[in-house]
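> turn this into a model:
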Amino acid sequence: MLDAIFVFEIIGTIAFAISGAVAACQKQMDLFGVTFLGMTSAVGGGIIRDLILGINPPATFKTPVYLIVAIATTLVVFIPWVQKIIINNPIYYGRFMLITDSIGLGIFTVNGIEIAMHVTPDANYFLFAFVGVVTGVGGGVLRDVMLGDKPYIFVKHFYASASLIGAVVCVSAHIYFGPAISVSLGMFTVIALRLIAAHFRWSLPKSGVYLDNDKGYEESETEFN
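Model (predicted):
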């Protein structure tokens with residue numbers, strides 16, 4: 001079980017690193033920028049998790065295997081012909097990223113919960129679920145903020161919602177079934193929701209806010225996830 005989780009974590013790390021590196025390349029950043037954005041996307045959620053839980057220094061720097069994988073991945077993405085392959089095959093790239101990113105989101109969400117339960121066993125279940133979601137989506141939020149973009153999880157797709165529902169399932173199942181089953185159920189829930197939502201193009205309701213100012217009424221539309 002632990003070996004399988006490690007493999008999935010590596011897959012998720014690679015997927016998150018690719019997403020960050022590709023976004024940086026689209027912004028025409030240099031090698032350092034591409035590497036830093038890819039690394040941040042891959043391990044940023046784990047670093048935020050550890051800071052919340054008081055783990056110092058963060059586990060990423062104690063066991064840097066994920067950091068090394070993330071950096072290696074971004075360096076590969078920076079190669080011009082690799083970028084060309086990605087640009088020329090957007091459909092296959094999109095499918096690959098959807099599957100691997102969904103696996104990574106599921107794994108990191110339940111992994112964050114398990115670490116929180118281990119470090120702070122007397123804390124309430126709200127903290128466990130919150131830390132799980134932060135671990136899953138934190139890196140992407142940091143990536144988007146550094147790129148100067150509105151965080152992806154707040155404006156597009158059923159993403160953070162899938163992580164939150166999976167986290168609640170994991171925490172709830174832990175009460176009755178123990179860690180092994182709860183982790184499996186939580187991870188499966190996140191992955192299944194992400195894939196189903198992508199297939200059926202699910203999205204949460206949008207908000208329409210009308211602001212009265214000197215120029216008249218201005219509509220602001222935001223999609224929360």
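> local confidence estimate at the residue most central in space within the chain?
Nearest to the mean C-alpha position of the chain, counting by CA atoms, centre = their mean, stands V137 at 3.3 Å. Per-residue pLDDT puts V137 at 94.
> just the one 4 residues further on next, same as before
V141 carries a pLDDT value of 92.
> tell me the SS of K150?
coil (DSSP: H, G, I helix; E, B strand; the rest coil).
> which positions in stretch 117-124 come out as buried?
M117 (16 or more other CB atoms under 10 Å). Heads up, the C-betas are built off the backbone N, CA and C, glycines and all.
> same check, this time on stretch 71-86
I71, T73, T74, L75, V77, F78, V82, Q83, I86.
> same question for stretch 147-166.
Result for stretch 147-166 [16+ other CB under 10 Å]: buried residues 147, 151-153, 155, 157-166.
> what lies in contact with that stretch?
23-24, 27, 37, 105-106, 109-110, 129, 132-133, 136-137, 140-141, 144-145, 186-187, 189-190, 193-194, 197-198, 202-204, 222-225 (CB atoms under 8 Å, 6 or more residues apart in numbering).
> could you dump it to PDB, C-alpha only?
This file holds the C-alpha atoms of stretch 147-166, laid out as PDB (Å, rounded to 0.1, in the frame of the first residue of the first chain):
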ATOM      1  CA  LEU A 147       1.900  34.400 -12.500                       C
ATOM      2  CA  GLY A 148      -0.400  37.300 -11.700                       C
ATOM      3  CA  ASP A 149      -3.500  35.300 -12.600                       C
ATOM      4  CA  LYS A 150      -6.700  34.800 -10.700                       C
ATOM      5  CA  PRO A 151      -6.300  31.400  -8.900                       C
ATOM      6  CA  TYR A 152      -7.600  28.600 -11.100                       C
ATOM      7  CA  ILE A 153      -9.500  26.900  -8.400                       C
ATOM      8  CA  PHE A 154     -11.700  29.900  -7.800                       C
ATOM      9  CA  VAL A 155     -12.800  30.500 -11.400                       C
ATOM     10  CA  LYS A 156     -12.800  27.300 -13.400                       C
ATOM     11  CA  HIS A 157     -14.000  23.800 -13.200                       C
ATOM     12  CA  PHE A 158     -15.000  21.400 -10.300                       C
ATOM     13  CA  TYR A 159     -11.500  21.200  -8.800                       C
ATOM     14  CA  ALA A 160     -11.200  22.400  -5.200                       C
ATOM     15  CA  SER A 161     -14.800  21.100  -4.600                       C
ATOM     16  CA  ALA A 162     -13.700  17.600  -5.500                       C
ATOM     17  CA  SER A 163     -10.800  17.900  -3.100                       C
ATOM     18  CA  LEU A 164     -13.100  19.100  -0.300                       C
ATOM     19  CA  ILE A 165     -15.700  16.400  -0.800                       C
ATOM     20  CA  GLY A 166     -13.000  13.700  -0.900                       C
END
